[in-house]
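Student: pasting the structure only:
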């Protein structure tokens, strides 16, 4: 079955600390991977995406993610978290040319302590 | 360029009522989709479309109808609202194919069925 797992429902980090959000996927075809962020009451904003090439991808707001095919993972990282990063983060997978049929994880809610 | 516009932003329905959630995009995207977001479940695909006149069911289509008469619009109809349809609904659009494509999301419609 095709699925995305985000094992951490809720994470709290201190401002300035590093962050890693985990994402594992199960997908039959070559995966096309995304990380989205959702602020309270808002829609989803794309942070970054990966289809092929360099397995370390850079996104907006200082985020990066690393694709590891052997581990079926696409973890999101940020070296130094800002209070404005507090939001919910979603990992999603689709296939090439099928961004209308994304499979989402259940999300990770990030809280940032001052 | 407004992107993806959803109306209304909030709606309260009584059980058994019908309504249409509107979605419009001005990016000339071929693909459009509807998702629902429920706590702890991420986003789940309801229906999607690959172009005008072509729609298909996603993971959770029961109780919803869609049609796509134009490239720009993709309305979602609730035929007889049930409390289980209380959710936040997101519309998304994207270009067909290509490795640089991504899904753009609207701001969501928060629906409560009482």
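Tutor: It's in. Please read these numbers as outputs of a predicted model, since none were measured by experiment.

Student: On the strand side of things, show who the residue nearest the centre of chain B bridges to.
Tutor: In chain B, the C-alpha nearest the mean C-alpha coordinate belongs to residue B:34, at 2.8 Å (CA atoms, centre = their mean). Listed by DSSP bridges, the beta-bridge partners for residue B:34 are residue B:47, residue B:91.

Student: Which residue ranges of chain B form strands?
Tutor: For chain B, the strands defined by DSSP state E occupy B:4-7, B:10-13, B:19-25, B:31-38, B:42-51, B:54-57, B:64-66, B:76-78, B:87-94, B:104-105, B:109-113.

Student: Among those, which comes closest to residue A:103?
Tutor: Shortest separation from residue A:103 across the strands of chain B is recorded for strand B:42-51, at 7.7 Å, computed as CB to CB. For glycine as for every other residue, the C-beta is placed from the backbone atoms N, C-alpha and C.

Student: And that closest one, what's buried?
Tutor: Residues of strand B:42-51 classed as buried by neighbour count (16 or more other CB atoms under 10 Å in any protein chain shown): B:42, B:43, B:44, B:45, B:46, B:47, B:48, B:49, B:50.

Student: Quick check, the fourth one in contact with residue B:56.
Tutor: No - here residue B:45 lies out of contact with residue B:56, judged by CB atoms under 8 Å, at a distance of 9.9 Å.

Student: Stretch A:45-58 - what's its average pLDDT?
Tutor: The pLDDT scores in stretch A:45-58 average 92.

Student: Which residues does that stretch contact?
Tutor: For stretch A:45-58, the external contacting residues (CB atoms under 8 Å, 6 or more residues apart in numbering or on different chains) are A:30, A:32-39, A:59-61, A:63-69, A:74, A:76, A:89, A:96, B:99, B:102-105.

Student: which element is the residue nearest the centre of chain A on?
Tutor: Nearest to the mean C-alpha position of chain A, counting by CA atoms, centre = their mean, stands residue A:35 at 3.4 Å. In the assignment (DSSP states H and E), residue A:35 maps to strand A:31-38.

Student: could you pull out the strands for chain A?
Tutor: Listed in chain order, the strands of chain A (DSSP E) span residues A:3-5, A:10-14, A:19-21, A:24-26, A:31-38, A:44-50, A:56-58, A:64-68, A:73-78, A:87-95, A:103-104, A:108-113.

Student: Tell me which other helices or strands the shortest one touches.
Tutor: Identification of packing neighbours for strand A:103-104 by 3 or more CB pairs under 8 Å, 6 or more residues apart in numbering or on different chains; DSSP states H and E yields strand A:3-5, strand A:87-95, strand B:42-51.

Student: Does anything pack onto the first one? Which helices or strands?
Tutor: Contacting strand A:3-5 under the criterion 3+ CB pairs under 8 Å, 6+ apart are the following elements: strand A:24-26, strand A:87-95, strand A:103-104.

Student: so what strands line up beside it?
Tutor: As defined by DSSP bridges, the strand partners of strand A:3-5 come to strand A:24-26 (antiparallel).

Student: and the strand it pairs with, how far out from the chain's middle?
Tutor: Averaging C-alpha coordinates over strand A:24-26 and over its chain gives two centres that are 12 Å apart (CA atoms, centre = their mean, to the nearest Å).

Student: Kindly report the same for stretch B:27-36.
Tutor: Computed by CA atoms, centre = their mean, the chain-centroid distance of stretch B:27-36 equals 8 Å.

Student: I am finished for the moment; much appreciated.
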